[in-house]
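Student: quick one, what's the 3D model for this:
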Amino acid sequence: MNLFNDIRALVISEIEALVAAGTLPAGLDLSAVAVEPPRDAGHGDMATNAAMVLSKPAGLKPRDIAEALAARLAADARIASAEVAGPGFLNLRLAAPVWQGLVGGVLRDGPAYGRSTMGQGQKVNVEFVSANPTGPMHVGHVRGAVFGDALANLLAFAGHAVTREYYINDGGAQVDVLARSAFERYREANGLNADIREGLYPGDYLIPVGEALKANYGTTLLDRPEADWLDDVRAFAIAAMMAMIRADLAALGVRMDVYTSEKSFHHSGRIEEAISRLRGMGLIYEGTLEPPKGKLPEDWEAREQTLFRSTAHGDDVDRPVQKSDGSWTYFAPDIAYHWDKVERGFDQLIDVWGADHGGYVKRMRAAVAALSENRVPLDVKLIQLVKLFKNGEPFKMSKRAGTFVTLRDVVEQAGADVTRFVMLTRKNDAALDFDFDKVLEQSKDNPVFYVQYAHARVCSVLRRAAEAGIACDDATLAAADLTRLDHPAELELIRKIAEWPRLVEIAARGHEPHRVAFYLYELASDLHGHWNRGNDDTSLRFVQEGEVETSQAKIALARAVAVVISAGLAILGVTPATEMR
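Tutor: Numbers count the residues shown, from 1 in each chain. The predicted model follows:
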């Protein structure tokens with residue numbers, strides 16, 4: 001149920017009636033006709049741009065179209081008034097029964113209220129986190145993990161078929177460093193001194209890996225040359241790190257559907273296939289790149305390389321895929337990986353990267369555009385930095401990690417629900433301050449508490465009603481006499497509930513889950529405001545002494561708010577509170 005879509009359908013129907021009557025010409029494109037909240041709430045409940053967008057193709061003044069459309073709309077029982085404003089905007093006020101009926105509809109739909117078919121089952125791949133498997137995830141990964149997971153939830157709620165994917169970067173030199181670091185901890189576990197020299201990973205998290213290596217290999221690796229043990233220790237350490245990463249993600253409430261190994265592309269011929277496909281399109285050639293802009297490195301010299309003509313698909317310069325020595329660049333396996341996703345039949349790809357990878361976006365989009373022949377769009381969402389504070393000071397590094405604050409540190413300090421919600425209180429490309437003291441305080445300034453408190457307040461109303469012997473299951477509330485919800489403050493709260501389905505579609509279309517967090521805060525604020533008005537005006541209280549039917553109508557409104565809050569929190573991956581401690 002989407003009231004904005006319902007009224008838009010009414011507007012379209014009346015435009016078609018005007019066409020049938022000869023008032024408007026046939027063949028008009030109605031796709032740009034919109035119904036949305038007016039900029040000024042004092043102008044009405046909804047506004048349509050129909051007359052403005054149809055004026056030019058219809059060859060008529062927008063005000064003339066608006067007046068003809070207004071006359072037809074005003075005849076519909078759902079429309080209390082239709083007023084033309086300015087050059088041809090049309091402001092609509094809905095009849096009270098429309099708003100009152102919405103409450104019953106929300107309770108009948110339950111958690112499905114706001115779900116959309118907008119996605120039409122399109123297959124979307126959301127690849128996120130994809131941290132190097134060299135240690136525990138840090139606070140930057142927290143934000144990317146929460147964003148990616150919430151976006152996947154949002155897209156699924158809006159009707160897409162979503163796959164969550166983690167790309168294991170196990171094909172580069174960093175995993176050899178991991179193996180050497182783990183080997184030193186293995187030596188330590190065998191009573192020898194660990195040589196954690198510069199360039200190795202110093203964190204304590206590798207100590208249990210060394211102990212596990214000892215349990216598995218005993219002392220058999222100690223006197224063998226690196227060439228003999230490197231592959232085995234690398235595979236062992238990567239498996240241990242991925243087990244740690246999976247556990248960290250689980251602590252945050254994040255699950256992946258697919259884990260894909262970069263290394264698998266190096267040994268399957270898939271890189272060669274992807275490059276061959278691009279070569280067949282005339283997009284691979286042998287050449288030299290221009291020197292870097294700005295200060296020229298002393299050791300720079302022009303070398304012939306195998307280049308991808310990424311400028312043909314919007315990039316600034318062409319990009320090397322194979323070095324002069326025949327080895328692949330980092331870009332080459334990424335090309336193969338994205339081609340693999342295209343071949344798996346996804347209709348859209350979304351990558352969630354750290355902001356420091358911004359310079360990589362254009363080349364990756366170019367590769368996907370080329371390999372999919374512009375059929376599959378790639379949207380790259382960049383995640384800005386998170387700054388941690390506690391007691392007014394920057395939160396210090398984790399000894400366990402060695403150089404950074406881990407995801408587990410944050411979750412253990414703040415809890416998964418608080419962490420997830422706060423990470424979505426800023427748009428992904430804006431920096432975020434995470435203050436442990438503020439996110440745990442119980443005040444209006446803490447959005448997590450404020451939203452949770454709103455849901456808990458509704459739960460307290462239901463408990464009070466039950467104690468008073470008032471039936472308040474959703475079916476009973478949906479069937480209550482909702483015409484009793486006639487106070488302007490009650491109708492205003494219903495209007496906010498009505499925005500939820502529209503908000504879902506806007507947020508999903510823009511890949512912006514933070515909009516859900518913002519909306520929930522606004523809805524919670526409206527609920528709290530209504531609650532506080534009841535302190536002065538007892539007729540607004542949800543439970544009316546001795547008035548069962550009136551109480552049920554008002555409790556239905558409170559319960560509808562809770563339904564929306566619960567659905568929104570589910571998208572964010574946050575558990576709704578039933579009581580506050």
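Student: quick one: the helices in the stretch 51-200 of the chain?
Tutor: Using DSSP state H, counting those that start in this stretch, the helices of the stretch 51-200 of the chain run over residues 62-74, 96-109, 139-157, 174-189.
Student: most packed of these?
Tutor: Counting by mean count of other CB atoms under 10 Å, helix 139-157 has the highest mean neighbour count of those, with a mean of 25. C-beta here means a position set from N, CA and C on the backbone, and glycine is covered the same way.
Student: name the residues that touch the helix or strand containing residue 509?
Tutor: For residue 509, the host element (DSSP states H and E) is helix 500-510. Residues outside helix 500-510 that contact it (CB atoms under 8 Å, 6 or more residues apart in numbering): 1-5, 36, 113-116, 118-119, 154-155, 157-158, 160, 512-513, 515-516, 519, 523, 564, 567-568.
Student: after that helix comes which helix or strand?
Tutor: Assigned by DSSP H and E, the successor of helix 500-510 is helix 514-536.
Student: what is that next one packed up against?
Tutor: helix 447-467, helix 488-498, helix 500-510, helix 548-572 (3 or more CB pairs under 8 Å, 6 or more residues apart in numbering; DSSP states H and E).
Student: tell me which residues are up against it.
Tutor: Here helix 514-536 has contacts from 150, 154, 421, 424-428, 444, 447, 450-451, 453-455, 457-458, 489-490, 492-493, 496-497, 499-500, 503-504, 506-507, 540-542, 558, 561, 564-565, 568-569, 571-572, using CB under 8 Å, 6+ apart.
Student: of those residues, buried ones?
Tutor: Among these, those buried by neighbour count (16 or more other CB atoms under 10 Å) are 150, 154, 421, 424-428, 447, 450-451, 453-455, 457-458, 490, 493, 496-497, 499-500, 503-504, 507, 540-542, 558, 561, 564-565, 568-569, 571-572.
Student: list the contacts of stretch 475-490.
Tutor: 96-97, 99-101, 103-105, 107-108, 491, 494, 530, 533, 539-540, 549-550, 552-557, 559.
Student: among the helices of the stretch 51-200 of the chain, which is nearest residue 377?
Tutor: Closest to residue 377 of the helices of the stretch 51-200 of the chain, according to CB to CB: helix 139-157, at 13.6 Å.
Student: keeping just the C-alphas, turn that closest one into PDB.
Tutor: C-alpha atoms of helix 139-157 as PDB (Å, rounded to 0.1, in the frame of the first residue of the first chain):
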ATOM      1  CA  VAL A 139      36.600   0.700  12.200                       C
ATOM      2  CA  GLY A 140      36.600   1.900   8.600                       C
ATOM      3  CA  HIS A 141      35.300  -1.600   7.700                       C
ATOM      4  CA  VAL A 142      32.500  -1.200  10.200                       C
ATOM      5  CA  ARG A 143      30.900   1.600   8.300                       C
ATOM      6  CA  GLY A 144      31.300  -0.100   5.000                       C
ATOM      7  CA  ALA A 145      29.900  -3.300   6.400                       C
ATOM      8  CA  VAL A 146      26.900  -1.600   7.900                       C
ATOM      9  CA  PHE A 147      26.200   0.500   4.800                       C
ATOM     10  CA  GLY A 148      26.500  -2.500   2.400                       C
ATOM     11  CA  ASP A 149      24.300  -4.700   4.600                       C
ATOM     12  CA  ALA A 150      21.600  -2.000   5.100                       C
ATOM     13  CA  LEU A 151      21.700  -1.200   1.400                       C
ATOM     14  CA  ALA A 152      21.200  -4.900   0.600                       C
ATOM     15  CA  ASN A 153      18.200  -5.000   3.000                       C
ATOM     16  CA  LEU A 154      16.700  -1.900   1.500                       C
ATOM     17  CA  LEU A 155      17.000  -3.100  -2.100                       C
ATOM     18  CA  ALA A 156      15.400  -6.400  -1.100                       C
ATOM     19  CA  PHE A 157      12.600  -4.500   0.600                       C
END
